[in-house]
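Undergrad: here's a sequence, model it:
(2 chains)
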2 protein chains.
Amino acid sequence: MCEANVYLADGRKETLILEAVDRIIPEGPDSWQLTSIFGEQKTIAGRIRAMQLVDHRIIFESVERP
Amino acid sequence: MCEANVYLADGRKETLILEAVDRIIPEGPDSWQLTSIFGEQKTIAGRIRAMQLVDHRIIFESVERP
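TA: Got it, this is the predicted structure:
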């Protein structure tokens, strides 16, 4: 199966948001709905920083800069 | 290998832009650099409409609306 793990990056720190993600669709500006192969859903706020599909990694980053 | 095929959608029509994509990184507003597992690179202009990773599909759509 070719799902990916979705991370939210804050500087160098990466937080795992959802594992085994199958589907990602935009919900609005900088908002994305994630659905895992198990049917779990989460919404993530941010922009895509990088996708590394062979490594099963998709990294988002927060848009807000304090 | 868990690469994906990248398509550009225009209404219902989908055009295959690059097969076996491993890495996708943003280059600018609505511009993305694609790199396949064979090292081939292409730039695609558009926004992400949907990612269907288990189906190896990532669909972009053009931003310009005539």
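
Undergrad: ok, then the element right after the longest strand anywhere in chain A?
TA: Among the elements of type strand in chain A, defined by DSSP state E, the one spanning the most residues is strand A:13-28. The C-terminal neighbour of strand A:13-28 among helices and strands, as given by DSSP states H and E, is strand A:31-36.

Undergrad: CA atoms only: put that following strand into PDB for me.
TA: Output in PDB follows, covering the C-alpha atoms of strand A:31-36 (Å, rounded to 0.1, in the frame of the first residue of the first chain):
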ATOM      1  CA  SER A  31      -6.700  23.800   5.100                       C
ATOM      2  CA  TRP A  32      -6.600  20.100   4.100                       C
ATOM      3  CA  GLN A  33      -8.700  17.100   4.900                       C
ATOM      4  CA  LEU A  34      -6.700  13.900   5.400                       C
ATOM      5  CA  THR A  35      -8.200  10.400   5.300                       C
ATOM      6  CA  SER A  36      -6.200   7.400   6.300                       C
END
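
Undergrad: that one: what's the following helix or strand?
TA: If you walk from strand A:31-36 toward the C-terminus, the next helix or strand you reach (DSSP H and E) is strand A:41-45.

Undergrad: near chain B, anything from that next one?
TA: No: Strand A:41-45 lies out of reach of chain B by Cβ under 8 Å from any Cβ of the partner chain, never closer than 12.5 Å. The C-beta positions use only the backbone N, C-alpha and C, and glycine is treated the same way.

Undergrad: run the chain-centre distance for the helix or strand just after that strand.
TA: Toward the C-terminus, strand A:41-45 is succeeded by strand A:47-52 as the next helix or strand (DSSP H and E). Centroid displacement of strand A:47-52 relative to its chain, using Cα atoms, centre = their mean, to the nearest Å, is 8 Å.
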